[in-house]
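Chemist: Sequence first, then the predicted structure, then my questions.
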Amino acid sequence: MRTFFRYALLITFLPSLLYPCQKDGLLHIFVLNVGQGDATLILAPDNTTFLIDAGDNGLGASVVLPFLQGLGIMSLKYVIATHYDSDHIGGLDEVLNVIGSGIEKVYDKGDARNSKSSTLAYRRYVTATGNKRSKIPLGQLYHNDSFSITCIAVDGAILNSTTVPLDAEDENSASVVLLVSFKDFAYYTGGDLTGGGPSGSKKTRDVESRAAVAVGDVDAMKLNHHGSITSTNSTLLNVLRPEVVLISIGNGGKNQSGFHHPSQEVLARLFAFKGLQAIYQTNLGESLRNYSAEDYKLVRIANGHLKLETDGASYAINGETFPDDQHSIRSATSALTYAASQAIKYAPLIAKR
Ligand SMILES: [Zn+2]
């Protein structure tokens, strides 16, 4: 019996031990559970590693590093900081100071030119990244065979589109947006990018609508800004047409930081969106209890990391499989046609925060 258990344990843990050393030809995307914040690890089919953000101060050491080490990842090829809020860059220095030597490039949105420049998180990030930092260029960052990672937007500038003018303090709106593609699979991730919400005096800049057109149809997307009311406007949903959305979110009534994520307005938009098959959340956050049971069939609360893997056609998240969606509107051109056919209007660029 004992021997049996020992073998059972070995069989259970063997795949994860072999993960990094043995190319499995799959694309792996891990949205790590850093509570209120963001940290995504991408392991390309050729085993190239990309780390996008690393959670708030302390989470780099307590969550991201142990996760990387658990996979046997001792160096990262590319590190990307989407913007300079501490729930995104706070943990990066902790990761970089331990496994920074192998890093080829650190991409971000350029030097902070606002109040973020004086935060401890930013100063530590700048020190830890040293001369490896550079502003992320729009366009393809990396490709190998049928895998690619493309920068769609940064600091209001958008691939194949006009720039959305931002104020210096529009930190979220300046987020780096990335499109990850592998064969017929596409994934969107955009930091805390804003889409014009909420209405009234707290209105944000609508960068989402223009970025959406440069992205086109995807399979899965991580919601911008942890499902906040500032983001995930209907144009973004209608152009990206995701089958699955992922939300990186804290737990508890106010998500430990006084934020009300995910927004009930965004959830209602998701529940009404045809074709959506699942909403994956790292934690419960403030998902409401008074939606219909039918709506809640879509919601999966992981209470942990979200692990997506794909062979470039179908994909699985935390073990649940989703089929290839055939990508009826993949290219930017067809997305533009789609946007026009649906009479999608850009929100005025003058919208104030
Ligand atoms: Zn954030």
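Modeler: Happy to help now that I have it. Remember, it's a predicted structure, so these values are computed and weren't measured experimentally.
Chemist: contacts, neighbours, all on C-alpha from now
Modeler: Fine.
Chemist: Show me what the strand ranked longest in the chain is packed up against.
Modeler: When secondary structure is assigned using DSSP state E, the longest strand within the chain turns out to be strand 147-154. Under the contact definition 3 or more CA pairs under 8 Å, 6 or more residues apart in numbering; DSSP states H and E, strand 147-154 sits against strand 139-144, strand 177-182, helix 208-215.
Chemist: Could you tell me the average pLDDT over the next helix-or-strand element following it, please?
Modeler: Stepping forward along the backbone from strand 147-154, the first helix or strand reached (DSSP states H and E) is strand 157-158. Strand 157-158 shows a mean pLDDT of 98.
Chemist: partner strands of strand 157-158, parallel or antiparallel?
Modeler: Sheet neighbours of strand 157-158, with direction, are listed as strand 147-154 (antiparallel) (DSSP bridges).
Chemist: Give me the angle between the strand it pairs with and strand 177-182.
Modeler: Relative orientation of strand 147-154 and strand 177-182, computed by axes from the mean of the first three to the mean of the last three CA atoms, to 10 degrees: 170 degrees.
Chemist: surely Ile279 meets Val244?
Modeler: Yes: because the distance of 5.9 Å satisfies CA atoms under 8 Å, Ile279 is recorded as touching Val244.
Chemist: Those two: which has the busier surroundings?
Modeler: Neighbours per residue (other CA atoms under 10 Å) separate Ile279 from Val244, with Ile279 holding more: 23 against 20.
Chemist: Would you double-check that that one falls in a strand?
Modeler: Yes: Ile279: assigned to a strand according to DSSP: H, G, I helix; E, B strand; the rest coil.
Chemist: what's the spacing between the closest residue to Ala168 other than its chain neighbours and Thr321?
Modeler: Nearest residue to Ala168 in three dimensions, chain neighbours excluded: Asn114, at 5.7 Å (CA to CA, 6 or more residues apart in numbering). Remark: distance between Asn114 and Thr321 (CA to CA, to the nearest Å) = 43 Å.
Chemist: can you put the helices and strands packed on strand 147-154 in JSON lines and add distance to Glu171?
Modeler: Putting these into JSON lines (distance: least, CA to CA, whole Å) gives the following:
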{"stretch": "strand 139-144", "distance to Glu171": "21"}
{"stretch": "strand 177-182", "distance to Glu171": "13"}
{"stretch": "helix 208-215", "distance to Glu171": "14"}
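Chemist: So which of these is the most surrounded?
Modeler: helix 208-215 (a mean of 27; mean count of other CA atoms under 10 Å).
Chemist: Now that helix: average pLDDT?
Modeler: For helix 208-215, the per-residue pLDDT values average out at 96.
Chemist: Quick check: Met221 is in a strand.
Modeler: Yes: secondary structure of Met221 (three-state DSSP): part of a strand.
Chemist: Cross-check the contact I'm expecting between the residue nearest to Ala168 and Ala174.
Modeler: No: counting by CA under 8 Å, Asn114 stays clear of Ala174, with 11.8 Å between them.
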